[in-house]
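Undergrad: predicted model follows, preceded by the sequence.
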Amino acid sequence: MLRIKTCSLFITFMLCLAISPLSQAAVILQYHHVSDETPPITSISPALFKAHLKYIKDNGFSVWPLTKLVSALQAGEEIPDKVVSIT
């Protein structure tokens, strides 16, 4: 059940970004653990993580390092549509 909620939340973030381009905002996806061996409350399975990455790639998202994204936001630069950072 938790994994379904995690997936739903991920899809919600991606759809919001795709539908409403945000020039001064960005989506940061945070993953604590990618493992089947760690507590499910803070983990995502490798298979589901792979599905998330496939969704990002298949839907034309760009992945920026978090430092680049933060620097651009602090400088007031416009962020292109469909940019995400993964931590």
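TA: Sure, I can see it. For clarity, every value in this text was computed on a predicted model and none was experimentally measured.
Undergrad: show me the contacts for residue 31.
TA: 44, 49, 86-87 (CB atoms under 8 Å, 6 or more residues apart in numbering). Every C-beta, even on glycine, is put in place using the N, C-alpha and C of the backbone.
Undergrad: mind redoing it with 6 Å?
TA: If you count contacts by CB atoms under 6 Å, 6 or more residues apart in numbering, residue 31 has them with residue 44.
Undergrad: that one and residue 51, how far apart?
TA: 13 Å (CB to CB, to the nearest Å).
Undergrad: again, but for residue 82
TA: Distance of residue 82 to residue 51, given as CB to CB: 18 Å.
Undergrad: same thing with residue 59?
TA: 12 Å.
Undergrad: let me see the ranges of the strands in this structure.
TA: In the chain, the segments counted as strands under DSSP state E are 27-29, 33-34, 43-44, 62-63, 83-86.
Undergrad: quick one: pLDDT of the residue nearest to residue 38 when sequence neighbours are not counted?
TA: Here the nearest residue to residue 38 in space, its sequence neighbours aside, is residue 32; by CB to CB, 6 or more residues apart in numbering that works out to 8.0 Å. In this model, residue 32 is scored at 91, pLDDT.
Undergrad: what's the answer for residue 75, then?
TA: Confidence score, pLDDT, at residue 75: 90.
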